[in-house]
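S.K.: Structure of the sequence below:
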Amino acid sequence: MNPRSVPRKETEGTVPDSPQPSAIPVPSRSHFGIHRASSALPSRKSPRPPAPRAVRPEPERITDEQSVEPRKHSRTPSRGRPRTAETALLVETVFFFLYDIGRSVDLRKIAALVPAHDDLGIVKRRDTPASLSLPRPLILQLGESESLESKDFESFSAQAKIYDEGVVSLIVRVKLRIPFAEMRVIQDRVIVLGGRSMTIPSYADESFRRLCSAIRPAVVDPQSEANCGREAYTAFCLLECPSDPADFLEDNRAIAAALLIGEDPAAELHHGQIHTTLGKPFSYRKDDLAIFDLDRCLIIDPRGDYEDLLLIVEHANYQLLELRVLDMLLDKWLDESERDLRMTYSGADKGRKLLKTSPQIKLVRLQSLSFDALFILENLENSSKIIGDYYLGQIYDRLCTIFNTEGWKWSIERRLDTLRSVYDMIKTDASERKMLLLEVLFIIVCVLFPVMQILQVFLLG
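M.R.: Numbering: from 1, shown residues only. Next up, the predicted model:
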């Protein structure tokens with residue numbers, strides 16, 4: 001099945017029915033139940049005004065146009081667009097916080113340090129290929145709804161995923177009813193845990209610090225908290241939609257665009273910016289829709305069938321974090337190579353005798369770093385090959401385009417080539433200096449030894 005975006009429905013003078021309520025499953029650690037309530041709002045206003053009588057020369061066609069168009073045009077001012085933005089909708093907001101804590105981690109040691117368990121893997125839905133294989137982390141549950149003391153959220157859960165590449169992903173999920181225009185401030189709402197009040201980002205940072213201190217013995221080349229790379233992403237998942245998702249998005253284009261780019265809904269965005277932000281939606285069924293941006297995405301799915309989309313979002317951010325951290329590390333190495341190059345050709349390196357600063361040692365470290373970069377780039381390529389042209393692959397390609405992963409890859413490869421050429425040059429120059437020194441010593445020995453023999457014979461005689 002080749003999924004394609006769902007075309008926008010044409011209004012025919014009838015109001016589309018909203019999804020019917022379904023049974024509420026029992027919340028679990030990995031996925032909460034879906035509370036759905038049925039409501040009905042009319043479709044969007046028709047963009048065509050009634051045709052004037054003088055345009056149509058045939059009387060019968062004039063009557064048909066005038067009998068249909070006024071009905072579609074007259075019902076929108078009284079209902080629809082104002083109520084859509086103000087009606088409280090059930091939404092689950094998923095916050096992703098990813099941290100790079102070191103070069104790698106030993107998952108077996110971590111399993112002995114904290115009560116973590118293996119990931120069960122992706123739940124394959126839609127046309128997800130059986131060959132799809134993503135990194136398998138350890139999962140540690142951090143909090144559930146029972147530990148939440150505030151009543152602002154209907155449900156709350158938090159978990160940490162620990163990857164063997166040295167990445168920790170903290171996922172916080174909250175569910176509440178809120179008007180669509182106010183969804184931007186969800187992250188600023190206060191949660192109360194253990195008598196302490198904090199926002200969701202501050203809760204994630206505090207949980208990361210506790211977890212990092214607990215698993216630090218299992219981390220290879222650990223980073224300090226100040227130097228840890230960090231990525232954040234937010235997914236707004238609407239579990240209720242007053243109308244068809246395409247019509248709902250059309251009625252709230254300005255609010256949706258402001259939500260995705262992090263602007264105040266009251267900000268008057270240019271229509272070009274709105275079109276750029278909302279220009280590439282994805283739909284698999286008639287009642288779902290997903291739009292992705294740099295730091296946020298909007299998913300409309302009354303069925304609540306979006307776990308695989310969230311996994312692809314997390315995986316794309318995981319790859320972006322790895323690329324960014326590697327690029328930052330190479331940037332530091334380039335600065336250091338520039339200093340080494342200046343010291344080598346200015347003669348200031350004559351007093352540098354420490355082994356750890358020699359070009360040979362740095363070339364060995366650079367080679368190890370090159371292997372790390374190669375593995376990261378290969379994993380990135382394999383992810384796109386495994387996912388292929390499926391629906392999830394289209395979303396993954398869209399996220400890679402937004403994150404400009406090709407640009408990051410090109411930057412990393414170019415910096416690696418530059419570093420290799422710099423240290424190869426320094427190593428070659430150092431080897432040439434050593435060879436010159438050996439040649440001078442050889443000449444001295446060849447000249448000095450006969451002279452000493454002559455002097456010895458002369459003095460003894």
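S.K.: So what does T199 look like in phi/psi?
M.R.: phi -80, psi 170 (degrees, to the nearest 10).
S.K.: The stretch 151-300 of the chain: strands as residue ranges?
M.R.: Ranges of strands in the stretch 151-300 of the chain, per DSSP state E, counting those that start in this stretch, are 155-163, 167-179, 190-193, 196-199, 219-222, 229-238, 289-292, 296-300.
S.K.: Report all helices and strands that the fifth one contacts.
M.R.: With contacts taken as 3 or more C-beta pairs under 8 Å, 6 or more residues apart in numbering; DSSP states H and E, strand 219-222 sits against strand 102-105. Every C-beta, even on glycine, is put in place using the N, C-alpha and C of the backbone.
S.K.: Name the residues that touch the strand it packs on?
M.R.: With C-beta atoms under 8 Å, 6 or more residues apart in numbering as the test, strand 102-105 has contacts from 162-166, 215, 218-223, 372.
S.K.: please redo it, this time with the cut-off set to 6 Å
M.R.: With C-beta atoms under 6 Å, 6 or more residues apart in numbering as the test, strand 102-105 has contacts from 164, 166, 218-223.
S.K.: Looking at those residues, state which has the most neighbours.
M.R.: Ranked by neighbour count (other C-beta atoms under 10 Å), these have G166 at the top, with 22 neighbours.
S.K.: what's the closest non-adjacent residue to it?
M.R.: G102 (4.3 Å; C-beta to C-beta, 6 or more residues apart in numbering).
S.K.: Quick check: bridge partners of that neighbour?
M.R.: Per DSSP bridges, the residues bridged to G102 are P222.
S.K.: That one and F403, how far apart?
M.R.: 23 Å (C-beta to C-beta, to the nearest Å).
S.K.: do the same with R324
M.R.: For R324 relative to F403 (C-beta to C-beta), the value is 9 Å.
S.K.: which residues of this structure score low on pLDDT?
M.R.: Within the chain, the stretches with pLDDT under 70 are 1-85, 120-133, 145-150, 344-364, 380-389, 461.
S.K.: a helix runs through S368, doesn't it?
M.R.: Yes - assignment of S368 by DSSP: H, G, I helix; E, B strand; the rest coil places it within a helix.
S.K.: what's the burial count for it?
M.R.: 11.
S.K.: how close does it get to P281?
M.R.: For S368, the distance to P281 (C-beta to C-beta) stands at 43 Å.
S.K.: same question, D397
M.R.: 15 Å.
S.K.: packing partners for the helix or strand harbouring V445?
M.R.: Using DSSP states H and E, V445 sits in helix 405-460. If contacts are counted by 3 or more C-beta pairs under 6 Å, 6 or more residues apart in numbering; DSSP states H and E, helix 405-460 sits against helix 307-346, helix 359-387.
S.K.: And the helix or strand just after the last one, what does it pack against?
M.R.: Following helix 359-387 in sequence order, the next helix or strand is helix 391-403 (DSSP H and E). When contacts are defined as 3+ C-beta pairs under 6 Å, 6+ apart, helix 391-403 sits against helix 307-346.
S.K.: For the helix it packs on, what is the distance to the chain centroid?
M.R.: Centroid separation for helix 307-346 versus its chain: 15 Å, with C-alpha atoms, centre = their mean, to the nearest Å.
S.K.: ok and that helix relative to strand 296-300, angle-wise?
M.R.: 170 degrees (axes from the mean of the first three to the mean of the last three C-alpha atoms, to 10 degrees).
S.K.: Now do the contacts for the residue most central in space within the chain.
M.R.: For the chain, the residue nearest the mean C-alpha position is N317 (2.2 Å; C-alpha atoms, centre = their mean). Shown in contact with N317 (C-beta under 6 Å, 6+ apart): 96, 98, 231, 233.
S.K.: Chain neighbours aside, what residue packs nearest to the last one?
M.R.: What that stands for is Y233. Closest residue to Y233 apart from its sequence neighbours, by C-beta to C-beta, 6+ apart: F96 at 4.3 Å.
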